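> I would like to see how this sequence folds:
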Amino acid sequence: MGSKATLPTLMGSKATPPPSSVGLETIYLEPETEPHDSALAALNEMAAMASTLEVNEVLQRALALALKVVSIEAGAISVLNEEANELVFRVQQGWRVHDFVARSVRVPSDRGLSGRVVTTGRPVVTGDVSRDRRVEVIEFREEGIQAMALAPMRARGRVLGVLGVMSYTPREFSPNDITVISAIADQIGIALDNARLLEDARCRVEELSTLQATSMEVSSTLDLWTALEIIISSTLALADAAAVELYLYEDESDKLAFATALRQDGDQTPVSGHPLGDGPVAQAARSGKVLVLADLAASELNVGGWRDHGMETLVALPLERAARVLGVLAIAFDAPRSFSDHELRVLSLLANQAAIAVERTRLFASETRRSTQLALINRVARQSTATLNLSAILDTAADAIWRSFAYFNVALFLIDRVTREAVLYSIAGGHAANIQRGYRRAIEEGVVGWVAATGQTLLVNDVSQEPRYLPLALTSDPVSSELAVPIVRGDEVIGVLDIQHLTLGAFDQEDVQAMETLADQLAIAVDNARLYEETRRRVAELAAVQETSLRVVSSLDTESVLDAVTRNALELVGADDVHILLYDVDDGGLTFGAASWRDTPSPVSRAKQADRFAQAVLGSDRSLIINHAREHPYFSSPEAQKAGVEAVAGFPLLGTSGVAGVMSTVYLRPHAFSEDELRVLGLLASQAAVAITNARLYEETRQRLEELTVLHEVALAAASTLALEEIANRAAAAVKQRLGCEHLHLLLLDEERGVLECIGRGAGAEDGLRVGQGLAGWAVEHIAALRVGDVSQDQRYTGKIPDVRSALVVPLTVGGRTIGVIDAASSRRDAFSAGDEHLMTTVARQLAIAIDNARLYQETERRLAEVSALYQLARQMNTSLEIQDVLDSIVQSLKQAIGCRGCSIALLDTVSNVLEIRAAAGIKDKWKRDFKLRLGEGIAGRVALEGQPAYVPNVLEVKGFVFFDPSVRSILIVPLSVQDVVIGTLSVNSDQIEAFSAADERLLTIAASQAAIAIENARLYTRLDQRARNLAEAYAELQEADRLKDEMVQNISHELRTPLTFVKGYVELLLTGEAGSLSDKQAEYLNIVIDKTNAITRLVSDIILLQQAGRAAGKMSSISLVDLARRALRGCAAAAKSAGLTLSPNFPDDLPLVMGDEGRLFQVLDHLLNNAIKFSPKGGQISLVIEDADPMLQVSVSDQGIGIPKDQQGRIFERFYQVDGSTQRRFGGAGLGLAIAKRIVESHNGQIWVESELGEGSTCEEYRKTL
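Next comes the predicted model:
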């Protein structure tokens, strides 16, 4: 290591065989002159030097020869560094100002005059440096050089450097000068090339022997750290250094990592202190060049750590393989040192050995990882084909990648085609506990978003330098490297595979290739799983739709159907919440119907839902989709923001009768609804609408049936009994069961007191409420139903029944008046619906009628009891006409009828005007004797004075009440009046307050009227009895007088009949001329006598016949009325003819026979026909009609006479009655014919009557019973 560097070490070129005479052959010889000899001598000397001297001395001697040959003051030799493309000044002579060699001046090999020489391979001459712009080395001008000639040092067609000669005075270089300079330059080039080849061979042997042991040890292990320790140990020994340190470098992330160190004392603690930043190790790593700091104290770099440990010199050699720096070998010396090229070459070889070790171990690790990658790829491929469950595939892949490569985090994103977002589907590693599935990242946002947008892989080995980097989650371990690979299917990016590491530069191309291969596998698996999932989803959709359809058609249980709809919707679209709100057609509100939640169920309220979103859906009658709910006005309230709704879809449930409700599907994470999701949700919403419509129809039918059942029960109760309590109990039980409430009461209105009284079971719960008081009183006052969802918020509620939260009150009305209320109460809020109110209203109408009927029945019963009591009272009073008996029976009967404690009658002494008890029941004799009140004194005296009833419900509240019996608490007194004259009082009393009702007062008033009459009747009994006896005697005398009259008339008729016969006989003799001839005048007079005699005879015959007609019929036989009618018509035909009348018979021949006295029935027909002839005008018609009116025969005789007035038709069958009773009447007769006919017909059990209109004739008709 202590030897000087030779020329080949500087050049680093490959060796070639030395030429034998190249230098001489390339010289163009001038004529044989002295300069020519000098040049040849110089060349020979040059050749001798090149074979014996060291390179540096050769360069110095060669430069001196060149200056001598061309007679010039100064010169320089610069050697070409091909790797750096620079000319390095190595030798100079004759310079007055600058020392280019000491300063290691370097000139670009492609610029200036030197660059032209290197580029063209030809000499370049300039006679005036100050004016030649090709001169770029400013020091040449500052040196004062005037002229300059440059020649390339060549060997085997390559320029190895430049030989330059300079003059401080103006000079022209001759061609010979140029030729000699060029020849010497070529000789120098050949010498340099040969020396390098020899040095290369010698150095190679030395290097091989030096590195053999190290190489053997390093190659015997694949453990990186063992290999590095061997290398630094060898380096420490070969370089005789104080300390050796080795660092690993990642050029992409520009980060160094300490690997190992060794000092002379064996300590392995590093001494650098500044491996990064502006330290020499970092600079060597970044530049990839050997850095030699011969004097650390003079270095501008940060070498504080080295200096602190006493280091004076430092060499930093990059570990370079394939143009890539893998690390740095730092060799420190505790004394100043300079290094030859050979030493640096050996140190570089050690660095190369370390680089090889790093690369080899890395390649081994890479191959191992590649093997792991291939195994992983194979496993992922097998698992991808083993299942079509997308989540399982991605979870397995993420976990396998994480575990196989020990990455910090592995995440798999899939692209949401609708929202164009990357959605986290699976995660394994460090972020798994801090981020959940479903996390979304916008396309082009972050590394993942950029890869999703471009479809290109992005490798970031230092995220701090990557502006697109966005952390997935905040963790205590910051991510340093990230690799994102697109998952591509066809031309579409369907996802991103993202891996992260905590180490800088953690990923390389092998990771990229492995992840891209895995991404291709995953693309196929995802596509297959999606196709399968799509098929499965379609099948699930169809199954859900079928299940819902089956439920709709097979069940009318709305709740179970809606639960199935929400559950299926939740599972099919993966929502967080699906709920259905039902529309109330009565008030337009929304109530809870059903809901399903993915996680913890939310509290359910049965109250009206104030949901702006649902109301908007109802109002539009179409679906409403909001993919960014937080930004929408419907969800801007603090409550909505707190709920965390991200996306929501609402569907109106449209039934045949309109909107039935709203189905809302809610996501609490970012989501955009796809067409498939909206389609299936629409189908489920339609089925929910059908279910609700069917259920509502069923519910309406069921409610109607229940209503009919309840109404039937009420009607049955009303029809089966008239007991008010039983009707109330049965009706209340039926309604209570139907409503499902805890309390139900019937309250009836006492109209007199304005108070509601409870009847039936639970009576007393709300007794005493006045009209307008409480919910029941309000309903009565306003005649309106009242439904209160929360009684605690209603000031009208009195709180008489504990634990009540809601109430329903419906008035009972009948005939336009309110008779009470039905009051239902429940411990649940909003327990009653509009349907319940409708049912209660319907029941109330029927129940009101039933209750009214029951009350009427009770009233009738009470009235009947009153009437019975009054009847019994009247009967008791009528059993005796003795005044005391009457009074005693009255008080006893009333006490029993009213059920009171005591009953008494006090009569007024009209002389003293004092009331005294004359009869009492239930009252002690002492109080009867003491009772004496003047008119107007006390309650009884005031009643007697005013004549008006008085009721004292509580005598203790009446100031100045006169107590005859201290046990009395209530009393009712009515006056006893006869023709508005008060004769006394009737009173009842009780030892209970408010013991008597208006019905008692009515009964007592009626009883008082009867009692007053009975008393008055008893007083008048004697006078009435006497008058009755007198009337009976007078009536008997009248009957006897009538009998004597009839007997006298009968006797007179018999007595007149004989003389009239003699008178008629003698007059007829006279008219025959037996006693002599008569004059016409005499004959006329005698005919008058005959006529009058005949008239008197007929009258006497009629009187006798009338007496006989009233007796029973004589000889009875079967008679043909047709034959009798014909005989009667023949008998009066002459009279009718003479009167100018027409007889019109109308009867069939086959009429049935009748049973009767033929002679008397002939008299009836004869009387009727003669009576018709007598009253018919000339030219008139008389009809005789006989009809069969089974079982009777009807005989009618009609005329066209003067007719009979209506008021006289009932009397024409009386004896001696004439319609025209005046002395100038037109028609004769005694008025006995119809009376005789009536008696004969009635003696045959027949009937006779007359039908007539004045001026239109008359018809006499009779009925006869057939055989």
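
> what's around V69, how many residues?
Using other C-beta atoms under 10 Å, V69 has 23 other residues around it. Quick note: C-beta positions are derived from backbone N, CA and C, even for glycine.

> cool, L502 as well?
Neighbour count of L502, defined by other C-beta under 10 Å: 15.

> my guess is it contacts V463. True?
No - using C-beta atoms under 8 Å, L502 is not in contact with V463; the gap is 10.5 Å.

> quick one, helices of the stretch 251-400 of the chain?
280-287, 304-308, 341-386, 390-405 (DSSP state H, counting those that start in this stretch).

> and the second one, which residues are buried?
I take that to be helix 304-308. With burial defined by 16 or more other C-beta atoms under 10 Å, the residues of helix 304-308 counted as buried are 305-307.

> then the first one?
Within helix 280-287, the residues that qualify as buried by neighbour count (16+ other C-beta under 10 Å) are 280-285.

> mean confidence score for it?
For helix 280-287, the mean per-residue pLDDT is 86.

> over to the second one?
For helix 304-308, the mean per-residue pLDDT is 84.

> give the other helices and strands that the helix with the most length in the chain contacts.
Longest helix in the chain, counting residues (DSSP state H): helix 998-1072. When contacts are defined as 3 or more C-beta pairs under 8 Å, 6 or more residues apart in numbering; DSSP states H and E, helix 998-1072 packs onto helix 834-878, helix 883-898, strand 970-978, strand 981-990, helix 1080-1109.

> one step back: worst mean pLDDT among the helices of the stretch 251-400 of the chain?
Out of the helices of the stretch 251-400 of the chain, helix 341-386 stands lowest, with a mean of 72 (criterion: mean pLDDT).

> quick one: which helix or strand includes the residue nearest to R622 when sequence neighbours are not counted?
Leaving out its chain neighbours, the residue that sits closest to R622 by C-beta to C-beta, 6 or more residues apart in numbering is P652, at 6.6 Å. Here P652 sits within strand 647-655, counting by DSSP states H and E.

> hang on, the earlier thing: which ones are touching the residue nearest to R622?
Taking C-beta atoms under 8 Å, 6 or more residues apart in numbering, we find P652 in contact with 617-618, 620-623, 659, 661-662, 685.

> neighbour-wise, which of the residues you listed leads?
In the contacts of P652, the most neighbours by other C-beta under 10 Å go to V662, 28 neighbours.

> sorry, back to before: okay, and the common contacts of L502 and V463?
Contacts common to L502 and V463, judged by C-beta under 8 Å, 6+ apart, are 479-481.

> okay if I get these as TSV plus neighbour count and distance to L87?
As requested, those are exported to TSV (neighbours: other C-beta atoms under 10 Å; distance: C-beta to C-beta, whole Å):
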residue	neighbour count	distance to L87
V479	22	48
S480	20	43
S481	25	43
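
> which single one of the buried residues of helix 304-308 is nearest to V968?
G305 (125.9 Å; C-beta to C-beta).

> quick check: the closest one vs P336, distance?
Using C-beta to C-beta, to the nearest Å, one gets 18 Å for the distance from G305 to P336.

> equivalent analysis for G455, please.
Per C-beta to C-beta, G455 is found 59 Å from P336.

> can you check R440 too?
For R440, the distance to P336 (C-beta to C-beta) stands at 64 Å.

> who's more crowded, the two?
Shown here are R440 and P336; by other C-beta under 10 Å, R440 has more neighbours (17 against 11).

> surely that one and I415 touch.
No - contact status for R440 versus I415: not in contact, 10.5 Å apart, counting by C-beta under 8 Å.

> overlap of the contact sets of these two?
Common neighbours of R440 and I415 (C-beta under 8 Å, 6+ apart) are 421-423.

> got the domain boundaries for the chain?
7-202, 221-364, 387-528, 555-693, 721-861, 879-1109, 1111-1265 (automatic domain parsing).

> one step back: narrow the contacts of P652 to those in strands?
659, 661-662 (DSSP state E).

> nearest to E713, of these?
Using C-beta to C-beta, the ones in strands among the contacts of P652 come closest to E713 at G661, 32.9 Å.

> show me the beta-bridge partners of the closest one.
For G661, the beta-bridge partners are L582, L653 (DSSP bridges).

> picking that back up, just name the closest of the shared contacts of L502 and V463 to D611, please.
V479 (43.6 Å).

> got the contact list for the closest one?
408-409, 463, 471, 500-502.

> which one of the residues you listed is nearest S560?
Distance to S560 across the contacts of V479 (C-beta to C-beta) is lowest for N409, with 45.6 Å.

> how many residues are close by that closest one?
Neighbours of N409 under the rule other C-beta under 10 Å: 25.

> and for D1207?
If you count neighbours by other C-beta under 10 Å, D1207 ends up with 7.

> which strand or helix spans the residue lying farthest from the centre of the chain?
Going by C-alpha atoms, centre = their mean, the residue of the chain most distant from its centre is G1076, 138.6 Å out. Using DSSP H and E, G1076 sits in no helix or strand.

> swap in V1250?
With DSSP H and E as criterion, V1250 is part of strand 1247-1252.

> what's that strand packed up against?
Secondary elements touching strand 1247-1252 (3+ C-beta pairs under 8 Å, 6+ apart): helix 1233-1243, strand 1258-1265.

> comparing those, which gets the lowest mean pLDDT score?
Going by mean pLDDT, the lowest-scoring of these is strand 1258-1265, which has a mean of 64.

> who touches the residue sitting nearest the centre point of the chain in this structure?
The residue lying closest to the centre of the chain (C-alpha atoms, centre = their mean) is L581, at 1.8 Å. Contacts for L581 (C-beta under 8 Å, 6+ apart) come out as 590-593, 609, 611, 614, 661-662, 664.

> for those, which two are the farthest from each other?
The span of the contacts of L581, defined through C-beta to C-beta, is set by T591 and S664 at 13.9 Å.

> these two: which is more packed in?
Between T591 and S664, S664 has the larger neighbour count (other C-beta under 10 Å), namely 25 against 17.

> would you map the strands across the stretch 601-750 of the chain?
For the stretch 601-750 of the chain, applying DSSP state E, counting those that start in this stretch gives strands covering 624-626, 647-655, 658-667, 743-750.

> got those strands as a markdown table, with mean pLDDT and distance to V974 columns?
Below are these laid out as a markdown table (pLDDT from 0 to 100; distance: least, C-beta to C-beta, whole Å):
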| stretch | mean pLDDT | distance to V974 |
| --- | --- | --- |
| strand 624-626 | 90 | 79 |
| strand 647-655 | 88 | 69 |
| strand 658-667 | 87 | 66 |
| strand 743-750 | 82 | 22 |
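
> what would these look like in JSON lines with distance to S1252?
Formatted as JSON lines, the strands of the stretch 601-750 of the chain follow (distance: least, C-beta to C-beta, whole Å):
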{"stretch": "strand 624-626", "distance to S1252": "93"}
{"stretch": "strand 647-655", "distance to S1252": "78"}
{"stretch": "strand 658-667", "distance to S1252": "76"}
{"stretch": "strand 743-750", "distance to S1252": "62"}
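
> go through those and name the closest to V118.
Among those, strand 647-655 sits nearest to V118 (C-beta to C-beta), with 72.3 Å.

> hey, what's the angle from that closest one to strand 658-667? Just curious.
Relative orientation of strand 647-655 versus strand 658-667 (axes from the mean of the first three to the mean of the last three C-alpha atoms, to 10 degrees): 160 degrees.

> low-confidence stretches in the stretch 401-550 of the chain?
475-476, 535, 537-550 (pLDDT under 70).

> strands along that one, start to end?
Using DSSP E, counting those that start in this stretch, strands in the stretch 401-550 of the chain cover 409-416, 421-429, 440-442, 458-460, 481-489, 492-501.

> can you say which of these is nearest to V958?
Taking the strands of the stretch 401-550 of the chain one by one with C-beta to C-beta, strand 440-442 is closest: 90.0 Å.

> so what are the sheet partners of the closest one and their directions?
Going by DSSP bridges, the partners of strand 440-442 are strand 421-429 (antiparallel).

> with just CA atoms, put the strand it pairs with into PDB.
Provided in PDB are the C-alpha atoms of strand 421-429 (Å, rounded to 0.1, in the frame of the first residue of the first chain):
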ATOM      1  CA  GLU A 421     -64.700   6.100  -5.800                       C
ATOM      2  CA  ALA A 422     -62.200   3.500  -4.600                       C
ATOM      3  CA  VAL A 423     -63.900   1.500  -1.900                       C
ATOM      4  CA  LEU A 424     -61.900  -0.400   0.700                       C
ATOM      5  CA  TYR A 425     -63.000  -4.000   0.600                       C
ATOM      6  CA  SER A 426     -60.200  -5.800   2.500                       C
ATOM      7  CA  ILE A 427     -57.300  -4.800   4.700                       C
ATOM      8  CA  ALA A 428     -54.600  -6.600   6.700                       C
ATOM      9  CA  GLY A 429     -51.800  -5.300   8.800                       C
END
